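> my questions concern the predicted model and sequence given below.
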Amino acid sequence: MRFSRLTLAAVFVLSVATVALFAGRTAVFAAAHAPATSAAASQEPPPPPSPSPSGPGGPGGPPPGFKPPAPTNLKVLPRNLTGEQVHEIMEKWEGELGTGCKTCHTVDRKNIGPDGKPGLNFADDSKEEKQTARKMVEMVDSINANYIAKIDSSGDPVTCGTCHRGHLGPEPFVPKPRKDDHEHPAAP
């Protein structure tokens, strides 16, 4: 059976994208399935992230003193996560996708923050991008659990960044030109 280069490239890109999506979800998957040693340990938030070099909250990030609200509409992430834990995961995804909070979350003009700007409605599901993100998270989890975890020495799990590499839409793969270092048989 013969396949065209385009077909092989498409299969390769899809495989890499799938692997990449699962890598970022390993920590969340582990947190969701790890046994809690005590009630206090499972409720303890992670340490605060290191300060951004561009100032508190980073460029376009939350204002100084921002405290993430308790999550109220988790459908893919484990429901026992704190607001701080969810915020940490979201910041990671922002970096891997090269985007910001407003890509998935709607602006809530009725909720004005201390900086005078409207806050976001994190629970609102009206944006299509949020639905897509949930599907992609499920895909990454599935790839990591059903494929990557079954390969000895598979290395790091797939994450959003494995495919997206800092772009909201993954960049197309363009292979480097090959050197003809060996003979190819003539086509029949």
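Nice, I can see it.

> what about the strands in this structure?
106-112, 118-121 (DSSP state E).

> pick the most buried one from those strands.
By mean neighbour count, with neighbours taken as mean count of other C-beta atoms under 10 Å, strand 118-121 ranks first of the strands of the chain at a mean of 17. In this view, the C-beta of every residue, glycine as well, is placed from N, C-alpha and C.

> need the strands of the chain in TSV (columns: mean pLDDT).
Formatted as TSV, those follow (pLDDT from 0 to 100):
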stretch	mean pLDDT
strand 106-112	94
strand 118-121	93
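
> which one of those lies nearest to Gly169?
strand 106-112 (21.0 Å; C-beta to C-beta).

> which residues sit against that closest one?
Strand 106-112 has contacts (C-beta atoms under 8 Å, 6 or more residues apart in numbering) with 118-121, 124, 126-127.

> mind putting the strands of the chain into a markdown table with distance to Leu168?
Converted to a markdown table, those look like this (distance: least, C-beta to C-beta, whole Å):
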| stretch | distance to Leu168 |
| --- | --- |
| strand 106-112 | 17 |
| strand 118-121 | 18 |
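
> re earlier: just give me the closest of the contacts of strand 106-112 to Leu81.
For those, the nearest to Leu81 is Leu120 (17.5 Å; C-beta to C-beta).

> who touches the residue nearest to the closest one when sequence neighbours are not counted in this structure?
Excluding its sequence neighbours, the residue lying closest to Leu120 (C-beta to C-beta, 6 or more residues apart in numbering) is His105, at 4.2 Å. By C-beta under 8 Å, 6+ apart, the residues touching His105 are 120-122, 124, 127, 130.

> 7 Å instead?
Contacts for His105 (C-beta atoms under 7 Å, 6 or more residues apart in numbering) come out as 120-122.

> let's have those in a markdown table, adding distance to His167.
A markdown table is the format used below for those (distance: C-beta to C-beta, whole Å):
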| residue | distance to His167 |
| --- | --- |
| Leu120 | 22 |
| Asn121 | 26 |
| Phe122 | 24 |
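
> looking at this structure, which helix or strand is least sure?
The weakest-scoring helix or strand in the chain, judged by mean pLDDT, DSSP states H and E, is helix 39-43 (a mean of 39).

> residues touching Glu129, list them.
103-104.

> ok, Val76 touching Met136?
No - assessed by C-beta atoms under 7 Å, Val76 is found out of contact with Met136, at 9.4 Å.

> higher neighbour count, those two?
More neighbours surround Met136 than the other of Val76 and Met136, with 20 against 15 (other C-beta atoms under 10 Å).
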